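Visitor: Okay, structure incoming, though there's no sequence with it:
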């Protein structure tokens, strides 16, 4: 039997509310809250069976929230503004939703709204929420179609199931845009690196307590050792006494020669930071979408595009350099400001003491280890010459202090040096066979030019070796994972569940979110289709769609009921005219019942109605009555002209 | 026609406060159908049946159905006449113009089916001989609602033989007060004057059968039948026989209104009485009467 229409109306409103729940996290909270209130208000009106407000009131009421929206976002377009505006207008639309057709429109808007959270977040939870939203929306649609409420969940699930193959086909085959969608701002980028384009005390320290994932990497073939995972993102080679920045002098040594043994081949999925992307040391080859730049770093080709991307890289264990540094380059890497006198004196002392460069470096390392430096994330504030203050006074700090101090020391000792900022280590997910690198893995270290190549010197590893061997959390309490309820030392099963969840997120990212134009093409090629153009895919999809739909259309056309005759059309029109006037007429009423229900109409209109009804009854049911009677045409036109005005609310006959 | 309105007034004077049921009962008679009156004991089922027989001027017999009643008790038996050397058929009470089958659901299924067969065929076959029943032939059966002790509910296939099923229900307080103050019903019943005779009734039946049914009205009845078969409201849809029954009853109702053609409101007026006992509601908490009414409320006229 038909489920009660009101139930379907509540279902539509509930489905809308559920659908936009994730937007609470993305929009100013009052917007979704107002939307929820609007839906609640509409539901209350339906529950009480009350009249909807007049359109003029709606129009007036709309001005305030839209104005508020403008004040709070300063825009009504773009991602936030557009979604918020759509939300508010949908809320108001609910108040002019009366007929079945209106409810269907509202539901259609719901399906559109369901996609909007994806503009903010495309993670696995969002996808699961979207799936839930789709189910609830379909369920509301099924109820609206009049399916019995007990059978409706099953019907909705079946409908979704039938749509699944088409969804998959469109996902795989639909041409991808090479860039981000509609120039939307970058999606959920959780600051890949959170790295800044300069290094000053504290700039990395603030990242360490954050356990946000920064990027993932997957190795093919040989797996690396954790201690050797130094992910380089940026190189800083200019020091002004307090802050390290990237200099403009041409790169150090050289294009890299093809590598020696021990090649690592891997893919990284990361969000660029001003084009800079993480890559292991001695990268010798980079795949599509990225390019190798100075200092063996990798950058996105279109540097201004901040969207997440996946790229392939190959690194070798040792790389060979063709020649020594030029005099200009050497000067550049030895540059030091006048500050930090004690440190410079210390360096110069080593330069005099050890003529041999390798011996000098060894002595520097040994000296640093003996200074009693302590690794802590909350060092005292440095004053004056920061390097001097750190090395000879406070002696407390973390990677950036160590790296900055060591680079200064090395330069003073006549060894060309630079600072590398990036990440160290990562967490291996055995189930998904990938490395997850977090913000807390951010790190800074130094590279020293020695014996014709850049050698990594990690002063942090010299002072606090455990920082490199183990996770930072074990050294620094602030960076430990704190699990709600379970506390700082969660049980083993939690780790298992957590690893599985990360694995699912990784797979989702790899196979769904990162399924871009490039991977689509490679899939087509693997299927033996060769290079497939956008045009041919669209043509094929359209053609396939037409071929699929054509038989359905023909069938519908074939079984279409014959055109309705004038008396039938006229009858339905008459009933709907009375309904519009506020008379509780239904098409199953007899003429006498309609006359009785219309007693509140003006007497003239009642007379008109009585005449129309009498004719209808006489010409339709008396002896010799036929729908082919030529008088019906005139009657139909009379019905069309019969437009009773809307009754005042208090006079309306209740349903 | 005057005789009908006279009969109508007489019945209303006897059975107080039930004009609709009386009109339906008369409609059933004019459509030539059998009538089932279902109600709790003591609300006047038997009185109505008696009164109908009386005002229509029919020769009637009454059989009180009990669980030990045999088919022969009702249909009749062949007796051997030694003096004539042959069997002679002794007709039972069924050979009358109007048979009052009181409490039909207390009889065994065997008796019920014998009666219902006679109702359908309008003849009785005994010992290889077929005996035609008189014309007109009506059965007015009364029954207690199912669930009362010692009853055999009639199966749907047999309920189908009754053109209508009506219920009287308790009278309104004012009618009941009048009833309490009025004289002896039994006396009033026997004093009831006949409004017509069997021949006139047959003529009226023929006249009713000629009331016009337009194609639009047939479409409306068809829409009702089709809607009943959608298996959402009911276990089984209405049969073609039910469709014919609706039209026959609607024609008679239209004639009582003095019209020569059937209107949708005639169909609506008789629909529940004609169809409710042929349907079984699928909806929990909704009996077949409510479900039939719901069907009427949902099928558009055009």
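Guide: Noted; the coordinates are in hand. Note that this is a predicted model, so its numbers are computed, not measured.
Visitor: from here on, contacts and neighbour counts on C-alpha atoms
Guide: Fine.
Visitor: so who does the residue of chain A at minimum distance from chain B touch?
Guide: Closest residue of chain A to chain B, C-alpha to the nearest C-alpha: residue A:588 (3.8 Å). Contact analysis of residue A:588 by C-alpha atoms under 8 Å, 6 or more residues apart in numbering or on different chains lists B:296, B:297, B:298, B:299, B:300, B:301.
Visitor: what pLDDT does residue A:321 get?
Guide: At residue A:321, the model reports a pLDDT of 64.
Visitor: Same question for residue A:324.
Guide: You'll see residue A:324 listed with a pLDDT of 73.
Visitor: One more: residue B:241?
Guide: For residue B:241, pLDDT reads 89.
Visitor: burial count for residue B:125?
Guide: 14 (other C-alpha atoms under 10 Å in any protein chain shown).
Visitor: Could I get the phi/psi values of the residue nearest to it when sequence neighbours are not counted?
Guide: Nearest residue to residue B:125, sequence neighbours excluded (C-alpha to C-alpha, 6 or more residues apart in numbering or on different chains): residue B:131, at 6.1 Å. When read as degrees, to the nearest 10, the backbone of residue B:131 gives phi -120, psi 120.
Visitor: Residue B:131: what's it in contact with?
Guide: B:123, B:124, B:125.
Visitor: Who does the second one form a beta bridge with?
Guide: The reference is to residue B:124. Beta bridges link residue B:124 to residue B:131, judged by DSSP bridges.
Visitor: and the gap between it and residue B:93?
Guide: 12 Å (C-alpha to C-alpha, to the nearest Å).
Visitor: before we move on, what about residue A:144?
Guide: In terms of C-alpha to C-alpha, residue A:144 sits 58 Å off from residue B:93.
Visitor: The two: who's more crowded?
Guide: Comparing residue A:144 with residue B:93 by other C-alpha under 10 Å, the one with more neighbours is residue A:144, at 28 against 20.
Visitor: Spit out the contact partners of the nearest residue to the more buried one once chain neighbours are set aside.
Guide: Closest residue to residue A:144 apart from its sequence neighbours, by C-alpha to C-alpha, 6+ apart: residue A:8 at 5.0 Å. By C-alpha under 8 Å, 6+ apart, the contact list for residue A:8 reads A:140, A:141, A:143, A:144.
Visitor: Give me the pLDDT value at the residue nearest to residue B:125.
Guide: 84.
Visitor: Do you have the strands of the stretch 201-302 of chain B handy? List them.
Guide: For the stretch 201-302 of chain B, applying DSSP state E, counting those that start in this stretch gives no strands.
Visitor: How about it: which residue is closest to chain A?
Guide: Closest point on the stretch 201-302 of chain B to chain A, by C-alpha to the nearest C-alpha, is residue B:300, at 3.8 Å.
Visitor: Which residue, other than its chain neighbours, is closest to that residue?
Guide: Closest to residue B:300 by C-alpha to C-alpha, 6+ apart is residue A:588, at 3.8 Å.
Visitor: Work out for me the element that neighbour sits within.
Guide: Residue A:588 is part of no helix or strand, with elements assigned from DSSP states H and E.
Visitor: Look up how far residue A:153 lies from it.
Guide: 30 Å.
Visitor: Look at residue 100 and say how many residues are nearby.
Guide: No chain specified, so I'll use chain A. Counted with other C-alpha under 10 Å, residues neighbouring residue A:100 total 13.
Visitor: that's the other chain; I wanted chain B
Guide: Number of residues near residue B:100 (other C-alpha under 10 Å) recorded here: 26.
Visitor: looking at this, it is in a strand?
Guide: Yes: assessed with DSSP: H, G, I helix; E, B strand; the rest coil, residue B:100 lies in a strand.
Visitor: Contacts only, for it.
Guide: For residue B:100, the contacting residues are B:49, B:50, B:60, B:61, B:62, B:63, B:139, B:140, B:141, B:142, by C-alpha under 8 Å, 6+ apart.
Visitor: try it again with 10 Å
Guide: Going by C-alpha atoms under 10 Å, 6 or more residues apart in numbering or on different chains, residue B:100 touches B:35, B:46, B:49-50, B:53, B:60-65, B:93-94, B:138-142.
Visitor: for residue A:632, same thing?
Guide: A:565, A:566, A:567, A:568, A:570, A:615, A:616, A:619, A:620, A:626, A:638 are the contacts of residue A:632 under C-alpha under 10 Å, 6+ apart.
Visitor: Turn those into CSV, columns for secondary structure, pLDDT and neighbour count.
Guide: Shown next, in CSV, are the contacts of residue A:632 (DSSP: H, G, I helix; E, B strand; the rest coil; pLDDT from 0 to 100; neighbours: other C-alpha atoms under 10 Å in any protein chain shown):
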residue, secondary structure, pLDDT, neighbour count
A:565, coil, 83, 15
A:566, helix, 86, 20
A:567, helix, 88, 25
A:568, helix, 88, 19
A:570, helix, 89, 23
A:615, helix, 92, 15
A:616, helix, 91, 20
A:619, helix, 90, 20
A:620, helix, 90, 21
A:626, coil, 83, 16
A:638, helix, 90, 16
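Visitor: from those residues, which two are the most distant?
Guide: A:626 and A:638 (18.6 Å; C-alpha to C-alpha).
Visitor: coming back round to it: overlap of the contact sets of residue B:124 and residue B:93?
Guide: Each of B:75, B:76 lies in contact with both residue B:124 and residue B:93 under the rule C-alpha under 10 Å, 6+ apart.
Visitor: circling back to that earlier point, quick one: pLDDT of the residue of chain A closest to chain B?
Guide: 89.
Visitor: Got phi/psi on it?
Guide: Dihedral angles (degrees, to the nearest 10) for residue A:588: phi -90, psi 0.
Visitor: what's residue B:80 sitting at in phi/psi?
Guide: The phi/psi pair for residue B:80 (degrees, to the nearest 10) is phi -80, psi 130.
Visitor: For it, which residues are in contact?
Guide: Residue B:80 makes contact with B:86, B:87, B:88, B:89, according to C-alpha under 10 Å, 6+ apart.
Visitor: Buried ones among the residues you listed?
Guide: residue B:89 (16 or more other C-alpha atoms under 10 Å in any protein chain shown).
Visitor: what comes up buried for the one helix or strand residue A:129 maps to?
Guide: Using DSSP H and E, residue A:129 sits within helix A:124-144. Using 16+ other C-alpha under 10 Å as the test for burial, helix A:124-144 gives A:124, A:126-127, A:129-130, A:132-144.
Visitor: what's the burial count for the nearest residue to residue A:137 once chain neighbours are set aside?
Guide: Excluding the flanking residues, the one nearest residue A:137 by C-alpha to C-alpha, 6+ apart is residue A:15, at 5.4 Å. Per other C-alpha under 10 Å, the neighbour tally for residue A:15 reads 25.
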